[in-house]
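Q: fold the stuff below for me.
(chains A and B)
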Protein chains: 2
Amino acid sequence: MSTAVSPLAPTNVPELPPIAGVRLATGAAGIKYKDRTDVLLALFDEGTTAAGVFTRSKCPSAPVEWCRAQVKRGRARALVVNSGNANAFTGKNGRDAVNFTARLAAKAADCKAQDVFLASTGVIGEPLPAERFDGVMESMARMAQAGRFMEAARAIMTTDTFPKVATARVKIGKTTVTINGIAKGAGMIAPDMATMLSYVFTDAAIAAPVLRLLLAESVADTFNAVTVDGDTSTSDTLMIFATGKAKGVPSIVRSSDPRLKNFRKGLHAVLASLAEQVARDGEGARKLFEVVVEGAKTKQSARRIAMSIANSPLVKTAIAGEDANWGRVVMAVGKAGEPADRDKLSIWFGGIRVAHKGARDPNYDEAAVSETMKKPEIKLRVALGLGKGWDRVLTCDLTKEYVAINGDYRS
Amino acid sequence: MSTAVSPLAPTNVPELPPIAGVRLATGAAGIKYKDRTDVLLALFDEGTTAAGVFTRSKCPSAPVEWCRAQVKRGRARALVVNSGNANAFTGKNGRDAVNFTARLAAKAADCKAQDVFLASTGVIGEPLPAERFDGVMESMARMAQAGRFMEAARAIMTTDTFPKVATARVKIGKTTVTINGIAKGAGMIAPDMATMLSYVFTDAAIAAPVLRLLLAESVADTFNAVTVDGDTSTSDTLMIFATGKAKGVPSIVRSSDPRLKNFRKGLHAVLASLAEQVARDGEGARKLFEVVVEGAKTKQSARRIAMSIANSPLVKTAIAGEDANWGRVVMAVGKAGEPADRDKLSIWFGGIRVAHKGARDPNYDEAAVSETMKKPEIKLRVALGLGKGWDRVLTCDLTKEYVAINGDYRS
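A: Numbering: from 1, shown residues only, chains lettered A, B, ... in the order given. Okay, here's the model as predicted:
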């Protein structure tokens, strides 16, 4: 496992202010790791609404199934996240562990088990020793306090090399509310060690169906537009909790409410920042790679082509090798199965056009391209010349370090 | 680039007998490589029928477009294949190079340009210096002779570490015919250096539409069931040429002709052998990895799940790491988007069941699994328990060497 912090880690890490109605505590249950925290307990005041989006995997983890069932009620009082074990593909044992943990947290938080949300990330297929939570849950509930978002982000890390946090302050009516987010993930998945989890907390008062819609609106171009290796976790989870405890904040019950305008922007910014941080912490990543596709027939078509490029091992190894290999980009466009015309394709690396209308651009400056490929952030732009479909996807390069993290972990 | 021969190379290489009506020559045109052959010229007697299947890429190379147009006529007199340059994404220059080469070969072979088939493999986006063929084409035509299939297989290699050949002898009526095949490919693609090309030659007499059908029947479970990195070449080509020159061979004009029974089997065996050799020579491969999916809803569903597993970077790195990581297999099943029920899944590595009905198999012998994972050939079996859909896909592991071949090539 990699220990050094990713060279792409953000240099400015924001302070996350406390959020009224949210108390956090972290603990060391010794699930797998030694000498570090591995459980997060979040407690929410009564009246907190909740919404979530979960992995599209057909083989979701036991906690994902639990959350899907409970979130329909739209209420939350507690959240328990552990790292070190994913409680995925653990059969009846997994469901038992979920029930046990939910009851344990409910007792500690003095709420119903159905109001407890859960997530587990780490090794999959190993039984989760949920009894180890027994020793820490009560004391965590007692010690939970406002703030502590950075500690929370740390407790849920697996192969992450840095904790991921983001924050925004926006107005709803005349009241300023806070939106804090934390995330973990160093691959869309590495089920032995990673997965993508993200939690957003706000003191706004927003009805659960509206929260659900806001998440759906924003996730498509943030978390769903990030890929590390094209592998989808059995545990991916994004949830939002709204306490409604900002003083004097109006209660929003319709997604068409114009007072949501700034909240929408703030939420999008928080999710976009967290999603970018996941790409920046991609396993073995040395380059942040942004793929922009324009001129596709539709946005969906642009997304598929961008993902085909962003997931291509040959494109990703070329980026690692600092080579503006537009030939491999053409290959990835071609294999996407979407409308494309070779002789209309143009390709830019870092703003320099390297290919134009079906052939190498005769005028491009090799030295300038070579310089741009050495940067830690590489931007690729592909123009298809067919329509107005546009999309953007973030990923990272594919390095020997990725293979080492995911292949050498037993040694 | 890798120079050592793949540890997975076949140990028994068959002798390929001459085929009446086929003459081969190889030459060194100096397209890119030094001190090796890089052009193959095959000459076919009059009356030779031909069929082909080509890449599904939406951005095919200029030679692929040429072949698609000419093969409709079903006749062939010559084949020119060069390595070192793919003549892909080369615009008008590429089409000019194709026309020039076809005319050059037609003159040397004394036939029409439309009866000449072409392929190029190597760097993409660089203009093909087709004029260099001018110096070698006439002398190759003069020197072409029966046999020489191994030299032919060598001349078309790029990142391949060994030449790929296969042969079969089968009866059509009372006549024994020969089927010889050659192939190159060390990734489904690495457009800078690789692609998949395969040519099959026979002295059977089979009408072009029947050849086309026979190829289509066999390619689905041979070449189309092999993946190295999930990246599809702009140049992939599989062609078959039938000279009809076996003495007394009956002419087959219908695919329902019962005399084709053994030919079908022989052709399938040749294609299956060549396809397996491509997987065995996967860039950086240290393990041949066979993925069998059974109990899917349909065969197509089984294929999609098998490909999702075979293309998953996390599964492939686990194979490289000799870890029977069935958790990652579950992940790859889940992300395929096909019907699957976590709690019905069973998974075997090398015949040892490691997971059963949604959880780790409590009885499996870790030492035995560990031994099986050390072998150069790893067989994975996944039973979904939903239906009768079955499929099999061949691939290889993902190693640091793959990243080195495709990322470090500039250094």
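Q: can you list the strands that the helix or strand where residue A:294 lies pairs with?
A: Element membership for residue A:294 (DSSP states H and E) is strand A:288-296. If you go by DSSP bridges, strand A:288-296 pairs up with strand A:377-383 (parallel), strand A:389-396 (antiparallel).
Q: pick the most buried one from the ones you listed.
A: Each of these was scored by mean neighbour count; the highest is strand A:389-396, a mean of 23, by mean count of other C-beta atoms under 10 Å in any protein chain shown. From N, CA and C alone the C-beta is placed, and that goes for glycine too.
Q: only alpha carbons, please: show that one as CSV.
A: Extracted in CSV, the C-alpha atoms of strand A:389-396 (Å, rounded to 0.1, in the frame of the first residue of the first chain):
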residue,chain,number,x,y,z
GLY,A,389,-23.2,17.4,-27.3
TRP,A,390,-20.6,18.4,-24.7
ASP,A,391,-19.3,16.6,-21.6
ARG,A,392,-16.4,16.5,-19.2
VAL,A,393,-14.9,13.6,-17.2
LEU,A,394,-12.1,13.6,-14.7
THR,A,395,-9.7,10.7,-14.3
CYS,A,396,-6.0,10.1,-13.6
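Q: re earlier: would you turn the strands paired with strand A:288-296 into JSON lines with mean pLDDT?
A: Below are those laid out as JSON lines (pLDDT from 0 to 100):
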{"stretch": "strand A:377-383", "mean pLDDT": "97"}
{"stretch": "strand A:389-396", "mean pLDDT": "93"}
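Q: in chain A, which helix or strand is least confident?
A: Using mean pLDDT, DSSP states H and E, helix A:400-407 stands out as the lowest-scoring helix or strand of chain A, at a mean of 85.
Q: helices or strands up against it?
A: Here helix A:400-407 touches helix B:313-320, helix B:400-407, going by 3 or more C-beta pairs under 8 Å, 6 or more residues apart in numbering or on different chains; DSSP states H and E.
Q: ok, which of the strands paired with strand A:288-296 comes nearest residue A:169?
A: strand A:389-396 (24.8 Å; C-beta to C-beta).
Q: what about residue A:361, neighbour count?
A: Counted with other C-beta atoms under 10 Å in any protein chain shown, the neighbours of residue A:361 add up to 16.
Q: then the one 5 residues further on?
A: By the measure other C-beta under 10 Å, the count of residues near residue A:366 is 10.
Q: wait, what's in contact with residue A:369?
A: The contact partners of residue A:369, by C-beta atoms under 8 Å, 6 or more residues apart in numbering or on different chains, come to A:324, A:349-350, A:352, A:354.
Q: give the contact list for the closest residue to it other than its chain neighbours.
A: Closest residue to residue A:369 apart from its sequence neighbours, by C-beta to C-beta, 6 or more residues apart in numbering or on different chains: residue A:324 at 4.7 Å. Contact analysis of residue A:324 by C-beta under 8 Å, 6+ apart lists A:318, A:349, A:352, A:354, A:369-370, A:372-373.
Q: farthest pair in those residues?
A: Maximum distance among these (C-beta to C-beta): 15.6 Å, for A:318 and A:352.
Q: in JSON lines, list the strands paired with strand A:288-296 along with distance to residue A:136.
A: What follows is those, written out as JSON lines (distance: least, C-beta to C-beta, whole Å):
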{"stretch": "strand A:377-383", "distance to residue A:136": "40"}
{"stretch": "strand A:389-396", "distance to residue A:136": "35"}
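Q: of those, which is nearest residue B:292?
A: Closest to residue B:292 of these, according to C-beta to C-beta: strand A:389-396, at 31.0 Å.
Q: centre of the chain versus that closest one, how much separation?
A: Distance of strand A:389-396 from its chain centroid, counting by C-alpha atoms, centre = their mean, to the nearest Å, is 15 Å.
Q: give me the number of residues near whichever residue of the stretch 151-300 of chain A sits closest to chain B?
A: Chain B sits closest to residue A:232 of the stretch 151-300 of chain A, with a gap of 3.9 Å, by C-beta to the nearest C-beta. Applying other C-beta under 10 Å, we find 26 residues neighbouring residue A:232.
Q: residues contacting the closest residue in space to it that isn't next to it in sequence?
A: Sequence neighbours aside, residue B:335 is the residue nearest to residue A:232 in space, at 3.9 Å (criterion: C-beta to C-beta, 6+ apart). Residues in contact with residue B:335 (C-beta under 8 Å, 6+ apart) are A:56-58, A:231-232, B:308, B:312.
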